[in-house]
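1. predicted model, plus sequence, below.
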Amino acid sequence: MKELTPQRLAELKQIASRVRAHVVISVHKAGGGHIGGPLSCADMLVALYFHILNIDPTRPDWEDRDRFILSKGHSAIGLYSVLAERGYFPVDELMTFDAINSRLQGHPDMTKTPGVDMSSGSLGQGLSPAIGMALGARFLNKSFRTYVILGDGESQEGQIWEAAFVAERYGLDNLTAVLDYNGLQQFGWHQTGQHMLPPIEQPARKWEAFGWNTIEVDGHDMNQFVKAVEQAQKVHGKPTIIIAHTVKGKGVSFMEDQYEWHAKVPSDQDLAAALAELGQTQLAPASLQGA
Amino acid sequence: MTNPKAQRIAFGETLVELIDQNPRVLVLDGDLANSTRADIVAEQRPDHFFEMGIAEQNMMGVAAGLASVGFIPFISTFAAFSCKRDLDQIRLVVAQPCLHVIVTGGYSGLQTAKTGKTHQAVEDISVFRAMPNMTVVAPADGVEVRAAMYALVNDQHGPAYLRLTRDPYTNIFDENYEFKIGKAVTLREGDDIALIGTGEESIRCLEAAGLLARQGIQANVLHVPTLKPLDEQAIIGAARRTGKVVTAEDHTIIGGLGGAVAEVLGENYPTQMKRIGMRDVYGESAANAPLMEKYGLTPSHIAAAALELLK
C-alpha cells in the first residue's frame, strides 16, 4: 500500500464530502432509502476504494482484484456513490437509485452493478461469502485480499458468529472485517431506559473471544483506518476485525446520532442545509435552486 | 440389473470423479459427511473438502463466496436442513445472483433412518421450485445420481438443488443411461393410464404398473427427475395419450411433483388426476416400510389410486 500523504488525505476528505452529498441528494431524489448508515461508513468506503483496495474500475471482473462486501447492504447508496466517484459508472447514474430498471438497487445486486462483488441486504450475511473468497484465494495461491464492512445492528444475527468461528478455524489472515460501530440501529432498545443501548456491547471482547485480531479506531479518521488495515495485513494465522467507532449520520449535524435518520427522506430544506454543511452546494440539483 | 447402490454412495464416489475432472469442484460439509458420504471426498481428496461445522447459514454464504471466485461447491447436508435452515442465504447469495452452487439434500423424504419429523424433508421440492433460477433434480437411483451430478457440473452454470435418498432401493438404469437436465424419461409404455413419478418413487410407479398389468391395465410410466425446469411436453403427452394421471412422490403433494403436474395440465390439457404423496401432514420416526405403508406411498397405493381413476 502507498503512503497516505497529507496532500492525498486532503483529497480523500474532499471525495468523502462529495460522497456524503451524493448520498443525501440521491435519497432526496429517490424519495426513499437509507441515509444515516451510508454517512457513518463513508470515510472508510472512500479509504478502501481510493487507497487500500487493489482494483481496476475499467475491469470490474478482474479475477485478481481485492474483494469487498458491504454486509450492511442497506448502506448501498454510500457504496454506489463511492463506486461512481471511482469511475465504475457515471456519477449522473446515481439519480436512478431505487428507480425502475436501475442498475442501482435499494440493496446491492452483484448481477446489476459494476464493482459490486457480492449481493447483500438481508442482514448478517456478508462475512460468510467473504470467508469463501478468502478460502478461494488461498486454494488458488492468489494474493488478493477480502474486506467486508459489518454493521453493529446486524451483529445481532447468529450467522455473523457462525462465520466468526469458521474464519478463526481456517486462520484466514487474508480476510479483514470492519465493524461500523455507530451505536444505533433502526429502532433498538431506546425505549427501555434513559439512554439508547447500543446494538452490541463490548464488540472487541466478543471478537477476541472468537480468536480474531482486533484493532479499534476512529472510523472517521482515515489515517487511523489505513494504518489499522496495514497492521491487519501483517498479521499471520488469524483474521482481523477493525472496530471502527463512528457516528451515524456523520457530516450533517442534524442527522448525527439520530436513529430517526436511519431511513428518512430529507425535505428540500434539509437537503439545502446538508449540502451547505458539507460545503457541496455546487452539487445541488436544479430543482433546489431558490429553496 | 446390477446390485443397487445407495444414492449417497453414488454421491460420494461421483464427487471424487468430478474433482479429478475439474479441480474447481469442492465440497462444503455441515458435519454430516459420514452420513451423506461426502466423507469419501474427505478421505480421498482432502484438499477439496472443507468442514464448515454445524452452521448451515454460514456454510451457504461461504459456498457463494467460493462460487463468485470460480469454484463449483457442493453442499453436504440433509434435505431437511438445506431447504429450511439456510433458505434466506440460498435466496440472497446463491439463487438470485445465479451462482454455480449445488445444494444437495441427503436423506430426503420419509426414509431417514428412524430420525422422524425433524430430519424428514417432505417440502424441499416445493420450496426450491418456488425460487427463480434454481434447477431442481430428484434422481431415481444411484446410476442417475452420477449422471445428474455430471450434468449439473458440466451442462449448466447456475444454482441447483439435488435431492438424494439414504438407502439402496432398486436400480432401474444402467451405465448407458443418458441424463439431460429438464428431460423426463418414459420407463414403460402403456395407453390406459399415466403414472408420473419423481425420485425413488418413480421406481414404485414402475412396480405399480406391474400390479396393474396383472389386471390387464397397461400403465404408461413417466419418470420426472428434473422438477425444474419441468418437461411440460412430456407430461402433456402422457396425459394426452392416456387421459388419466396419477402422480407419486415421497414428498408433500402441495407444490411438489403433484402440484407441478396439476399446474401444467390445468393450463394446457385438463386431465383427471390423483396425487400420491404426503397429504399436508408431518412424518414420524419408524423404519422405511411401515412409514411408506402408513403414509400411502407404496406401489399398492399407487395402483389403487389408478384403479379408482379408471372406475
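-> Noted; the coordinates are in hand.
2. buried set for the longest helix seen in chain A?
-> Counting by DSSP state H, the longest helix found in chain A is helix A:6-30. Buried residues in helix A:6-30, counting neighbours by 16 or more other Cβ atoms under 10 Å in any protein chain shown, are found at A:9, A:12, A:15-30. The way it works is simple: take the backbone N, C-alpha and C, and place the C-beta from them, glycine included.
3. so which elements touch that helix?
-> helix A:36-47, helix A:76-86, helix A:222-234, helix A:268-278 (3 or more Cβ pairs under 8 Å, 6 or more residues apart in numbering or on different chains; DSSP states H and E).
4. for residue B:128, find the nearest of those helices.
-> Checking the helices and strands packed on helix A:6-30 against residue B:128 by Cβ to Cβ gives helix A:76-86 as the closest, at 27.5 Å.
5. phi first, then psi, for residue 169.
-> No chain specified, so I'll use chain A. As for residue A:169, its main-chain torsions (degrees, to the nearest 10) stand at phi -60, psi -40.
6. should've been chain B
-> As for residue B:169, its main-chain torsions (degrees, to the nearest 10) stand at phi -120, psi -100.
7. how much space between the nearest residue in space to it that is not next to it in sequence and residue B:150?
-> The shortest distance from residue B:169 to any non-neighbouring residue, by Cβ to Cβ, 6 or more residues apart in numbering or on different chains, is to residue B:200 (5.3 Å). From residue B:200 over to residue B:150 the distance is 20 Å, taken as Cβ to Cβ, to the nearest Å.
8. okay, those two: which has more neighbours?
-> With neighbours defined as other Cβ atoms under 10 Å in any protein chain shown, residue B:200 and residue B:150 compare such that residue B:200 has more, 26 against 15.
9. which residues are in contact with the more buried one?
-> Residue B:200 is in contact with B:7, B:109, B:140, B:141, B:165, B:169, B:250, counting by Cβ atoms under 8 Å, 6 or more residues apart in numbering or on different chains.
10. neighbours around the third one, how many?
-> Residue B:140 has 31 neighbours, counted by other Cβ under 10 Å.
11. go ahead and confirm it touches residue B:172.
-> Yes. Using Cβ atoms under 8 Å, residue B:140 is in contact with residue B:172, at 5.9 Å.
12. residues of the stretch 51-200 of chain A that sit close to chain B?
-> Proximity of the stretch 51-200 of chain A to chain B (Cβ under 8 Å from any Cβ of the partner chain) is limited to residues A:63, A:67, A:109-111, A:117-122, A:125-137, A:139-140, A:146, A:158-159, A:162-163, A:165-166, A:169.
13. of those residues, grab the buried ones for PyMOL.
-> Restricted to buried positions by 16+ other Cβ under 10 Å, the PyMOL selection for these reads:
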select buried, chain A and resi 67+109+110+117+118+119+120+121+122+125+126+127+128+129+130+131+132+133+134+135+136+137+139+140+146+159+162+163+166
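14. can you flag which of the residues of the stretch 51-200 of chain A next to chain B belong to helices?
-> Those of these mapping onto helices are A:127-137, A:139-140, A:158-159, A:162-163, A:165-166, A:169, per DSSP H.
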